[in-house]
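Peer 1: please work out how this folds:
(one chain, ligands or ions: 2)
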Amino acid sequence: MQTVSSLLDKQWYERYKAISRLNIRSSIYDVTNQCNLRCKGCFFFSSDEHKAAPEETDIARWEAFVEKEQERGVNLAILIGGEPTLHLDRVEAFYKRLPTFCATNGLIKVPRDRFPDMMVGISLWGDEEDEKLLRGKDAFAVSSRNYVGDPNTYYLYTITPRQIGRTERVIRRIAEAGFKVHMQLLSNDEGVEGFTWTASQLADIRAEMDAMLDRYPRAVISCRYYHEVITTGRMLGRPFGWMECPSVTEPMDDRQPQPKRLIRFIRWAADLQTMHRCCTSATRDCRTCKDGAAHMSWVMVNKRAHLTSAKDLQNWIEVYEMFAKLYRFIPW
Ligand code: SF4
Ligand code: SF4
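Peer 2: Numbering: from 1, shown residues only. Ligands and ions are numbered 1, 2, ... in the order given. Below is the predicted model of the structure:
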């Protein structure tokens, strides 16, 4: 194995140094079991995670819980649900204490007087046609009005197999509205017909994601290596799956041998006591999991495996930078 400094020229080494200081320790929190949409394929509802635990409603308990999470070393709170904006007092319990990222469908605007610089990631499930089919409405039409001109917002675009050949229209729409966008792939948790990836579709969408990055470099937060890993499900010849996944809740992780993983990562249910298995659905077959954050983290925790060539290490740096930009640890 070679050393970082022997593999990188001065410019890449500076980029490496900027991210190696970050030491990100994230965990994920279900803020609520409720949502104002019911998307077909939502991992949360399709796996009945909304029934796993009742919601804690006492805001003082949320505040005390977040303080304990701080003591546990968490320095990035990722809020999901359900729809976190239905309970802004709970969101505020995090925001006042920790760097906080709020995932939302964008139908309710986060009030910027209360949360001036909180990072907001708005989910988008394709063009108007797909959003109507899968989510029951064109959520982009509402969310883009709500967040127009907001510098702390980006779109998290979940690409479905039906989007092949149609992603440019969506990306252009986002870019023209002045937003950034990050792409991930649908895991078809509810088996909606026509939405399960085939190998050739994955190859096609990889090429299309690369093309979008080339054509819209200011809007698209991504890198080619991420596209490769998420579409092939392979990293340095190793297949993704349960025995490699880094995003497993630490106290529930009894895998042997223990893979490289996110240190102290927990996904908490909204009762603040129950833990979920991982960052996404506990009923999902790991062999078909396309979770973007899990794939990104998979690369990030495997730095040593990328110390094989300058190109491999540069790929690792680009994925780490992408993650750091998405959560605003470095500017985009
Ligand atoms: S908006 Fe998000 S949480 Fe709500 S149903 Fe859709 S995917 Fe699930
Ligand atoms: S479903 Fe995905 S994120 Fe969850 S443990 Fe399996 S591979 Fe990891």
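Peer 1: all strands in the stretch 101-250 of the chain, in order from the N-terminus.
Peer 2: For the stretch 101-250 of the chain, the strands identified by DSSP state E, counting those that start in this stretch occupy 119-124, 153-159, 180-185, 234-235, 238-239, in order along the chain.
Peer 1: make TSV from these and add mean neighbour count, distance to ligand 1 and mean pLDDT to it.
Peer 2: No exception for glycine: its C-beta is placed from N, CA and C like everyone else's. Listed next are the strands of the stretch 101-250 of the chain as TSV, based on neighbours: other Cβ atoms under 10 Å; distance: least, Cβ to the nearest ligand atom, whole Å; pLDDT from 0 to 100:
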stretch	mean neighbour count	distance to ligand 1	mean pLDDT
strand 119-124	23	6	97
strand 153-159	24	9	96
strand 180-185	22	12	97
strand 234-235	17	27	98
strand 238-239	12	27	96
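Peer 1: what sits against the residue nearest in space to the middle of the chain?
Peer 2: Of all residues in the chain, the one closest to the mean position by Cα atoms, centre = their mean is residue 293, 4.1 Å from it. When the contact criterion is Cβ atoms under 8 Å, 6 or more residues apart in numbering, the partners of residue 293 are 247, 279.
Peer 1: so which bits of this protein are right by ligand 1?
Peer 2: Contact residues of the chain with respect to ligand 1, defined by Cβ under 6 Å from any ligand atom, are listed as 35, 37, 38, 39, 42, 44, 45, 81, 82, 83, 105, 123.
Peer 1: what remains of these if I keep only buried residues?
Peer 2: The neighbour-count test (16 or more other Cβ atoms under 10 Å) applied to the residues of the chain next to ligand 1 identifies 35, 37, 39, 42, 44, 45, 81, 82, 83, 105, 123 as buried.
Peer 1: how close does the residue nearest to the centre of the chain get to residue 173?
Peer 2: Plainly put, residue 293 is 24 Å away from residue 173 if you go by Cβ to Cβ, to the nearest Å.
Peer 1: cool, residue 93 as well?
Peer 2: With the distance defined as Cβ to Cβ, residue 93 ends up 34 Å from residue 173.
Peer 1: go on, residue 270?
Peer 2: In this structure, residue 270 lies at 33 Å from residue 173, with Cβ to Cβ as the measure.
Peer 1: and what of residue 300?
Peer 2: Applying Cβ to Cβ to residue 300 and residue 173 gives a distance of 30 Å.
Peer 1: which one's more surrounded, those two?
Peer 2: Comparing residue 300 with residue 173 by neighbour count (other Cβ atoms under 10 Å), the higher total belongs to residue 300, at 20 against 17.
Peer 1: pLDDT score assigned to that one?
Peer 2: Per-residue confidence at residue 300 stands at 97 (pLDDT).
Peer 1: just give me the neighbour total for the spatially closest residue to it that is not a sequence neighbour.
Peer 2: The spatial neighbour of residue 300 that comes closest, neighbours along the chain excluded (Cβ to Cβ, 6 or more residues apart in numbering), is residue 320 at 5.3 Å. Around residue 320 sit 25 other residues, with neighbours defined as other Cβ under 10 Å.
Peer 1: try the one 3 residues further on
Peer 2: For residue 323, the tally of surrounding residues (other Cβ under 10 Å) stands at 24.
Peer 1: that one against residue 297, yeah?
Peer 2: Yes. Applying Cβ atoms under 8 Å as the test, residue 323 and residue 297 come out as touching, 7.5 Å apart.
Peer 1: and the helices in this structure?
Peer 2: Under the criterion DSSP state H, the chain carries helices at the ranges 4-7, 10-20, 43-46, 59-71, 88-95, 128-135, 139-146, 167-176, 199-215, 224-232, 292-300, 310-326.
Peer 1: and residue 278, how many residues sit next to it?
Peer 2: For residue 278, the number of neighbouring residues by other Cβ under 10 Å comes to 23.
Peer 1: pLDDT score assigned to it?
Peer 2: For residue 278, the pLDDT comes out at 96.
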